[in-house]
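[1] Okay, here's the prediction I keep looking at, along with the sequence it came from:
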Amino acid sequence: VRTNILGDCLCNIYAFQGYDAIRANLVNDRGVHICKSMLAYQKFGNDETPESSGMKGDHLIGKYYVLYQQKLSEHPELEEEAKEMLKKWEQGDPQVMELWKKMRAWCMQGFEETYKKEGVHFDKIYYESEFWKKARDYVLECYKKGIFKKGEEGELYIDLEKEGLPNKTVLRSDGTSLYATQDIYLAQLKFSDYDLDKSIYVVAREQEMYFKQLFTILKVMGFEWWNRCIHYSYGMVNLPEGKMKSREGTVVDADDLLLEMEDLAREEILKRNPDLKEEEIHERAHNIGLAALRFYLLKIDANKDIIFNPKEAIPFEGDTGPYVQYTHARTCSILKKAKESDITPAEIDYTVLKEPIERILAQKLSEFPEAASNSCKQMKPHIIAQYLIELSRSFNEFYQTCPCLKAEPGLRDARLKIIESVKTVIKNALSLLGIAALEEM
């Protein structure tokens with residue numbers, strides 16, 4: 001979840017600064033990890049399908065990945081069988097390919113549903129299955145040129161000791177591909193497909209050494225753009241109960257998390273609007289739940305680990321996404337009442353704004369362009385989130401201490417303009433975080 005949300009937000013921030021931000025996604029839809037799920041399904045699946053199980057396709061695939069890990073201690077031979085299945089896949093074995101195509105389709109359909117729920121879309125999706133062979137052939141060609149060496153067991157590797165890094169295997173001894181095999185090729189493919197200023201890899205901190213090795217390999221190979229490849233490293237998201245682990249099945253699925261956030265949002269909505277129609281409740285709950293999740297993950301520096309507590313993310317008060325959305329809705333309510341009362345601000349005299357909070361609010365509004373620029377330069381979305389918290393606090397203090405619609409006309413009109421500006425800035429800033437600015441909560 002954090003990968004998609006951070007990547008989506010970075011693209012929004014770059015686009016806002018005038019860059020052509022290309023949202024690219026790599027789907028590792030082949031490899032030994034896929035074969036582990038396939039093998040477990042083949043042995044223990046009993047022809048289960050998403051329809052028969054009532055599970056999303058990607059959830060079903062994940063179920064068999066966990067089952068493989070659970071069975072491995074009892075049946076250590078599964079490890080060699082998974083490797084053998086990968087070899088058969090790379091050789092185009094009809095039975096293996098048929099199973100792979102079926103399970104891949106289930107998984108891709110599930111992914112698409114999740115991307116939609118997360119509010120994420122991609123301009124380009126690279127599927128490993130579509131270029132793995134070119135990647136492997138390229139590595140073999142580089143071996144012939146002396147860039148890579150052959151190890152004692154027949155694997156191909158690159159010597160990185162002179163660069164102060166561990167050596168890196170780029171092709172297994174049995175000739176099957178690794179992540180590094182395809183990433184070396186994909187790096188070139190992206191720079192070939194697009195005239196890139198930067199190629200940003202949004203991947204968790206646990207892979208920092210891997211990306212140091214990958215970018216150094218590109219440097220050793222002579223690619224002048226190697227230093228424009230950036231690993232955007234981020235901390236892990238843990239639960240109050242502890243660290244999540246996919247192999248042990250203790251990962252909280254993105255769909256389940258989003259559903260939990262929507263349910264919590266629904267409770268908050270019904271407290272305030274018990275007579276709201278179900279269709280409106282559903283739409284608001286989705287937007288507020290997603291805002292709660294996104295804002296919680298984005299308000300903290302990406303370098304830091306997060307302990308995610310859903311109940312702390314959902315309140316309409318405090319440093320939360322729903323609080324900022326509520327502030328936006330409050331501005332909309334005031335402006336709507338002004339319109340209904342046929343109040344149309346004439347020429348504005350801002351010198352009538354003499355309250356300290358009015359000046360503080362005006363100053364905070366003026367800081368948005370700098371916050372957006374710094375967020376882009378430093379690649380830190382939390383700058384926008386923290387700015388929104390400060391702006392919302394200032395506005396709500398202004399709301400409590402500076403009556404607007406009942407003020408004398410000159411002062412009223414000046415305050416309405418400030419409120420209109422707050423509405424615009426909050427909406428723009430929320431859009432950078434991929435959050436809907438609601439008019440009613």
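    Received, thanks.
[2] For residue 347, give me its contacts.
    Residues near residue 347 by Cβ atoms under 8 Å, 6 or more residues apart in numbering: none. The C-beta positions use only the backbone N, C-alpha and C, and glycine is treated the same way.
[3] And it, how far from residue 420?
    As judged by Cβ to Cβ, to the nearest Å, residue 347 and residue 420 stand 15 Å apart.
[4] can you count the residues close to residue 57?
    23 (other Cβ atoms under 10 Å).
[5] correct me, but it touches residue 104?
    No. Counting by Cβ atoms under 8 Å, residue 57 stays clear of residue 104, with 9.2 Å between them.
[6] Give me the contact list for the helix-or-strand element of the chain with minimal mean pLDDT.
    Lowest by mean pLDDT, DSSP states H and E among the helices and strands of the chain is strand 237-238, with a mean of 86. Applying Cβ under 8 Å, 6+ apart, the set of residues contacting strand 237-238 from outside is 1-2, 244, 297, 305-308.
[7] And those, which of them are buried?
    In those, burial by neighbour count holds for 1-2, 297, 306, 308, counting by 16 or more other Cβ atoms under 10 Å.
[8] thinking again about what came up before, just the contacts of strand 237-238 now: which is nearest residue 130?
    Proximity of the contacts of strand 237-238 to residue 130 (Cβ to Cβ) peaks at residue 1, which lies at 25.7 Å.
[9] residue contacts, that closest one?
    By Cβ under 8 Å, 6+ apart, the neighbours of residue 1 are 118, 237, 254, 257, 293, 297.
[10] OK, contacts around residue 235?
    Residue 235 is in contact with 204-205, 302-306, counting by Cβ under 8 Å, 6+ apart.
[11] do residue 383 as well
    Residue 383 makes contacts with 371, 374-375, as judged by Cβ under 8 Å, 6+ apart.
[12] out of those residues, which is most surrounded?
    Ranking the contacts of residue 383 using other Cβ under 10 Å puts residue 375 first, with 27 neighbours.
[13] now the host helix or strand of that residue: mean pLDDT?
    Residue 375 belongs to helix 368-378 when assigned by DSSP states H and E. The average pLDDT within helix 368-378 is 98.
[14] Going by contacts, tell me the helices and strands next to it.
    Using 3 or more Cβ pairs under 8 Å, 6 or more residues apart in numbering; DSSP states H and E, the elements in contact with helix 368-378 are helix 2-16, helix 382-401, helix 409-432.
[15] Now render the ones you listed as JSON lines, adding mean pLDDT and distance to residue 171.
    Converted to JSON lines, the helices and strands packed on helix 368-378 look like this (pLDDT from 0 to 100; distance: least, Cβ to Cβ, whole Å):
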{"stretch": "helix 2-16", "mean pLDDT": "97", "distance to residue 171": "27"}
{"stretch": "helix 382-401", "mean pLDDT": "98", "distance to residue 171": "40"}
{"stretch": "helix 409-432", "mean pLDDT": "97", "distance to residue 171": "41"}
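[16] can you tell which of those helices is closest to residue 200?
    helix 2-16 (6.7 Å).
[17] Export the contacts of residue 235 to CSV and append columns for pLDDT.
    Shown next, in CSV, are those (pLDDT from 0 to 100):
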residue, pLDDT
204, 95
205, 95
302, 96
303, 95
304, 95
305, 94
306, 92
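[18] So which of the helices and strands packed on helix 368-378 is nearest residue 285?
    Between these, helix 409-432 lies closest to residue 285; by Cβ to Cβ that is 17.4 Å.
[19] buried ones in the closest one?
    Residues 411-416, 418-419, 421-423, 425-427, 429-430, 432 are the ones in helix 409-432 that count as buried (16+ other Cβ under 10 Å).
[20] what ranges do the helices span in the stretch 201-350 of the chain?
    Assigned by DSSP state H, counting those that start in this stretch, the stretch 201-350 of the chain shows helices spanning 208-220, 254-272, 278-298, 310-313, 321-340.
[21] what about the second one, average pLDDT?
    In this case it means helix 254-272. Mean pLDDT, computed over helix 254-272, is 91.
[22] Show me what it is packed up against.
    Using 3+ Cβ pairs under 8 Å, 6+ apart, helix 254-272 sits against helix 94-118, helix 278-298, helix 310-313.
[23] now what about that helix, what contacts it?
    Under the criterion Cβ under 8 Å, 6+ apart, residues 1, 56, 59, 113-114, 117-118, 276, 281, 284-286, 288-290, 292-293, 310-311, 313-316, 322, 441 lie in contact with helix 254-272.
[24] Then stretch 130-145?
    Applying Cβ under 8 Å, 6+ apart, the contact partners of stretch 130-145 are 30, 90, 148-150, 156, 170-171, 175, 177, 181-182, 184-186, 189, 221.
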